[in-house]
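Here is my input; please provide its structure:
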Amino acid sequence: MDRNSVNWSGPMPAVTTPFHDDGRIDEAAFAANLEGLIAAGATGFVVGGCTGEFWALSHEERKRLFDVAHEAIAGRVTLIAGTGAVSVEETVALTRHAEAAGCDGALILPPYFVKLSDDEIFAHFADVTGAIGLPVVLYNIPGNAVNAITPALAARLADLERVVAIKESSGDWNNYYGTHLAVHERLRVYCGPSSVFGVPAVQLGADGTIDCFPNVWQRGGLDLYFAAKAGETEKAAELQAMGRRLTDLFTSEGRTLYPATKAAMDMLGLPGGGTPRRPLRKLAGEPLKGLEAGLKTLGLL
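Model (predicted):
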């Protein structure tokens, strides 16, 4: 398998996982968010990724999320399941369920928390990909996973049979572009922090974007890809500037990305927000007031 084994492209939002007040997954709100994003132009989704709070879900909840997403999407767009876990056995079990549920691919990050060598990361992916049937999107997010997929390691991992793409979410342009140069002829390359540098990434050949901001900024977050792809320079620049301002708003003055995303969805009346899973806490007080004021200033509220 390689980049030509799949036809995935375009903006594929990493969607939130909403919860009822008692902590159960709100399947109706989850499906409604997918529906709204499809209507807005999403070409696919990542479910159960970092934005989806996979680290706070049980394995059974993660599996159920894949089932609900497949039922809601009904084959209309690409469905990528976040199946990464610390052990090979857990990752394989989750990925096999994603395949049985009808997902198109699996997003897999390196094992997290414990610092690994490049050889250990490679061995982990080799063991996983040797035991599954789904195409794999490598997931580089060292800020969360501790372990990084460098351009050189990405080039090694591209040799594995099931690997067809990489989501580069380091937030470091040099690492992003170095990865693109190293693997884009063999793997599809997706820009993670598209709100920060998605436009130049697409202009230089990114196959798509996988980001959390379309959850709250539907048209703009998706059109950022389409405008850049179509060469609409002025529109793309305006959207990139808005994405940067939203990023700064959601990650400043006591706010962090995932609770801010859900709080903004609630303010805008979009399904999929609500209370995040602990240890995250719902925004309140001055951080919440600042978010509301910022959305008003940006003309989104």
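
just to confirm, which helix or strand has residue 137 in it?
In the assignment (DSSP states H and E), residue 137 maps to strand 136-140.

hey, where'd the helices end up in the stretch 51-200 of the chain?
Assigned by DSSP state H, counting those that start in this stretch, the stretch 51-200 of the chain shows helices spanning 59-73, 88-101, 118-129, 142-145, 151-157, 173-183, 194-203.

can you pull the buried residues of the shortest one?
Applying a neighbour-count criterion of 16 or more other CB atoms under 10 Å, one finds 142, 145 buried in helix 142-145. In this view, the C-beta of every residue, glycine as well, is placed from N, C-alpha and C.

other SSEs contacting that helix?
With contacts defined as 3 or more CB pairs under 8 Å, 6 or more residues apart in numbering; DSSP states H and E, helix 142-145 has no helix or strand neighbours.

rewinding a little: okay, the helices of the stretch 51-200 of the chain, which one's buried deepest?
helix 194-203 (a mean of 23; mean count of other CB atoms under 10 Å).

Paired strands for the strand holding residue 137, with orientation please.
If you go by DSSP bridges, strand 136-140 pairs up with strand 105-108 (parallel), strand 163-168 (parallel).

and those as TSV, adding mean pLDDT?
Formatted as TSV, the strands paired with strand 136-140 follow (pLDDT from 0 to 100):
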stretch	mean pLDDT
strand 105-108	98
strand 163-168	98
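
what about those strands, which gets the closest to residue 146?
Minimum separation from residue 146 across the strands paired with strand 136-140 (CB to CB) falls at strand 105-108, 15.2 Å.

is it true that residue 170 touches residue 150?
No: with contact defined as CB atoms under 8 Å, residue 170 does not reach residue 150; the gap is 9.2 Å.

Please, where are all the strands along the stretch 151-300 of the chain?
Using DSSP state E, counting those that start in this stretch, the strands of the stretch 151-300 of the chain run over 163-168, 188-191, 208-209.

So which other helices or strands are in contact with the shortest one?
Taking 3+ CB pairs under 8 Å, 6+ apart as contact, the helices and strands that strand 208-209 lies on are strand 10-11, strand 188-191, helix 194-203, helix 218-230.

can you put those in a markdown table and add distance to residue 27?
A markdown table is the format used below for the helices and strands packed on strand 208-209 (distance: least, CB to CB, whole Å):
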| stretch | distance to residue 27 |
| --- | --- |
| strand 10-11 | 24 |
| strand 188-191 | 26 |
| helix 194-203 | 27 |
| helix 218-230 | 20 |
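
Any chance of TSV for the ones you listed, columns mean pLDDT and distance to residue 21?
Supplementary listing: the helices and strands packed on strand 208-209 in TSV, determined by pLDDT from 0 to 100; distance: least, CB to CB, whole Å:
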stretch	mean pLDDT	distance to residue 21
strand 10-11	98	31
strand 188-191	98	34
helix 194-203	98	30
helix 218-230	97	25
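
To residue 105, which of those lies closest?
The closest of the helices and strands packed on strand 208-209 to residue 105 is strand 188-191. By CB to CB, the value is 10.1 Å.

from the middle of its chain, how far away would that closest one be?
The chain centre lies 11 Å from the centre of strand 188-191; the measure is CA atoms, centre = their mean, to the nearest Å.

picking up where we left off before, tell me which of the helices and strands packed on strand 208-209 sits nearest to residue 80.
Closest approach to residue 80 among these is made by strand 188-191 (9.6 Å; CB to CB).

what sits up against that closest one?
3, 6, 8-9, 12, 137, 164-168, 176, 179-180, 183, 197-198, 201-202, 205-211 (CB atoms under 8 Å, 6 or more residues apart in numbering).

Can you dump the C-alpha atoms of the strand holding residue 137 in PDB for me?
Coordinates of each C-alpha in strand 136-140 appear next as PDB, following Å, rounded to 0.1, in the frame of the first residue of the first chain:
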ATOM      1  CA  VAL A 136      -2.900   3.500   8.400                       C
ATOM      2  CA  VAL A 137      -2.500   7.200   8.900                       C
ATOM      3  CA  LEU A 138       0.600   7.900  11.000                       C
ATOM      4  CA  TYR A 139      -0.100  10.600  13.600                       C
ATOM      5  CA  ASN A 140       2.700  12.900  14.700                       C
END
